[in-house]
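K.L.:
3D model of this:
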Amino acid sequence: MDLAVRSRHLDELAGLLREELVERRRMDAASGRDLGDLPTAVAELVDERAALLESATRERLVELILRDAVGLGPLEELLADPAVEEVMVNGPERVYVEKEGRLQRTDVAFPSEQALRDAIERILAPLGRRVDELSPMVDARLEDGSRVNAIVPPLAVDGPSLSIRRFSASRPGPDELVAMGTLTPELRDELGAAVGARRSILICGGTGSGKTTLLNALSAFVDAAERVITIEDAAELRLRQPHVVRLGLVTIRDLLRNALRMRPDRIVIGEVRGAEALDLLMALNTGHEGALSTVHANSPEDALRRVETLALMAGVGLPHAAIREQLGRGVDLVVHLARLGDGSRRVVEVGEVVRTAGSVGVRSVHRAGEAERGEWAQPA
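P.N.:
Numbers count the residues shown, from 1 in each chain. Below is the predicted model of the structure:
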């Protein structure tokens, strides 16, 4: 029998046995009988209903049933692969993964839409979250920092959709990014000198371009004697300095305001995405230089415009000119990352922020493929 067909039949049998297991345990609970250990109950059920199968096949059945009963079903195997960066489920029969920056369709499938809903519920239940027809969208974080998004009908027309963006416990350092092609050795040294010189750096790029990875790598150049405060809505950063205080859970703006009272030598913000941009600019202009942060933008120029727009969201009535002035004086460098067609991430441009009469611009000091280098460690 073809292996794919055999696997499908085994999945179908596991689904039937899981349904019988659920019904048996429901009846036992209703009658007050001891439910016993779940793995033992599954093994007994398989031995009873699939006694003619080989021992290895029965063991595999037990694994499949437990996977569907207490785990994430077919996704368990995908998430066990360290090369998988993101899992995207578009309904029960279409599951994609991202590996090395490329999307790939897998042969993994859920036996039914209800099985997919059950897996989503098992993800969200420990987090105290739910998703249903009354609340059909949810964002959540797993214990390891992975980002989860789920959306179900009626908003998801073709069935429940689930995305899991994973975050590794380890982060590549500057030398590893050079080996990966994200940085050149010269660029690593220039950016390292800029961080050491306490120049404020903004890292921009699209989703999945490697902004947080680069931010984490650049933090390696922060002096170990400095007191570093990190602010992020998810614990993605893995700084190696001995004196690091990590803040999270409430709004970035509240955390930033509190961080300024904690005698920081250096502030690292996972991502600027709201009105906290104004507080950051004010901090950078009042002695808290050397900050590191990321922002979603398509170029260094767009990054400055986005930060300016986000600062205006604070609603304090400051004129554009005043915000631009603080932007020009507070931010020194903008590093632009991109994910290329082959899936690799690369720094494609570095711009130095320059102030002109009534405006703020960016002078490009590095473009991918050019030999030109800028002296970024020296203040303008």
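K.L.:
need the longest strand for the protein.
P.N.:
When the chain is parsed with DSSP state E, its longest strand is strand 345-356.
K.L.:
so after that strand, what's the next helix or strand?
P.N.:
strand 359-367 (DSSP states H and E).
K.L.:
List the buried residues of the longest strand of the chain.
P.N.:
345-353 (16 or more other C-beta atoms under 10 Å). (Each C-beta comes from the backbone N, C-alpha and C, glycine too.)
K.L.:
Could I get those residues in a markdown table, plus columns for pLDDT and distance to L16?
P.N.:
Converted to a markdown table, these look like this (pLDDT from 0 to 100; distance: C-beta to C-beta, whole Å):
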| residue | pLDDT | distance to L16 |
| --- | --- | --- |
| R345 | 91 | 44 |
| R346 | 94 | 49 |
| V347 | 95 | 53 |
| V348 | 94 | 53 |
| E349 | 95 | 56 |
| V350 | 96 | 58 |
| G351 | 95 | 60 |
| E352 | 95 | 65 |
| V353 | 94 | 63 |
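K.L.:
quick check: angle from the longest strand of the chain to strand 359-367?
P.N.:
Angle of strand 345-356 versus strand 359-367, following axes from the mean of the first three to the mean of the last three C-alpha atoms, to 10 degrees, is 140 degrees.
K.L.:
So what's the gap between strand 345-356 and the chain middle?
P.N.:
24 Å (C-alpha atoms, centre = their mean, to the nearest Å).
K.L.:
where does the stretch 201-350 of the chain have low pLDDT?
P.N.:
For the stretch 201-350 of the chain, the stretches with pLDDT under 70 are 234-235, 248-250.
K.L.:
And the helices in it?
P.N.:
Ranges of helices in the stretch 201-350 of the chain, per DSSP state H, counting those that start in this stretch, are 211-218, 252-259, 276-284, 300-312, 320-330.
K.L.:
re earlier: and the furthest pair within the buried residues of strand 345-356?
P.N.:
R345 and V353 (23.1 Å; C-beta to C-beta).
K.L.:
in the stretch 1-150 of the chain, which spans are strands?
P.N.:
In the stretch 1-150 of the chain, the strands defined using DSSP state E, counting those that start in this stretch lie at 84-90, 95-99, 102-105, 137-141, 147-151.
K.L.:
Format the ones you listed as TSV; extra columns: distance to E12 and mean neighbour count.
P.N.:
Converted to TSV, the strands of the stretch 1-150 of the chain look like this (distance: least, C-beta to C-beta, whole Å; neighbours: other C-beta atoms under 10 Å):
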stretch	distance to E12	mean neighbour count
strand 84-90	19	20
strand 95-99	17	18
strand 102-105	21	12
strand 137-141	29	15
strand 147-151	25	19
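K.L.:
To I120, which of these lies closest?
P.N.:
Per C-beta to C-beta, nearest to I120 of those: strand 147-151, 5.0 Å.
K.L.:
before we move on, the earlier item: pairing partners for the longest strand of the chain, with directions?
P.N.:
Strand 345-356 has the following sheet partners, assigned by DSSP bridges: strand 333-339 (antiparallel), strand 359-367 (antiparallel).
K.L.:
just checking, which of the ones you listed sits deepest inside the structure?
P.N.:
Stretch with highest mean neighbour count among the strands paired with strand 345-356: strand 333-339 (a mean of 23; mean count of other C-beta atoms under 10 Å).
K.L.:
ok, and what's touching that strand?
P.N.:
Contacts to strand 333-339, defined as C-beta atoms under 8 Å, 6 or more residues apart in numbering, come from residues 101, 182, 191, 194, 199-206, 208-211, 214, 297, 299-300, 303-304, 345-353, 362, 376.
K.L.:
Helix 300-312 and that one, what's the angle between them?
P.N.:
Relative orientation of strand 333-339 versus helix 300-312 (the same axes, to 10 degrees): 110 degrees.
K.L.:
Offset the numbering so it begins at 13, please.
P.N.:
Sure thing, new numbering starts at 13, so read that last one as strand 345-351.
K.L.:
got the angle for strand 345-351 vs helix 223-230?
P.N.:
Calculated by the same axes, to 10 degrees, strand 345-351 forms an angle of 130 degrees with helix 223-230.
K.L.:
Quick check: which ranges of the stretch 13-162 of the chain have low pLDDT?
P.N.:
13-20, 34, 47-48, 79-83.
K.L.:
And the helices in it?
P.N.:
Under DSSP H, counting those that start in this stretch, the stretch 13-162 of the chain gives helices at 15-43, 50-61, 67-82, 87-91, 125-136.
K.L.:
what's the closest of those to Y108?
P.N.:
So among the helices of the stretch 13-162 of the chain, helix 87-91 is nearest, using C-beta to C-beta, at 9.8 Å.
K.L.:
circling back: columns distance to L349 and mean neighbour count on top of the helices of the stretch 13-162 of the chain, output as CSV?
P.N.:
Output for the helices of the stretch 13-162 of the chain, formatted as CSV (distance: least, C-beta to C-beta, whole Å; neighbours: other C-beta under 10 Å):
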stretch, distance to L349, mean neighbour count
helix 15-43, 39, 14
helix 50-61, 45, 16
helix 67-82, 37, 17
helix 87-91, 26, 18
helix 125-136, 29, 19
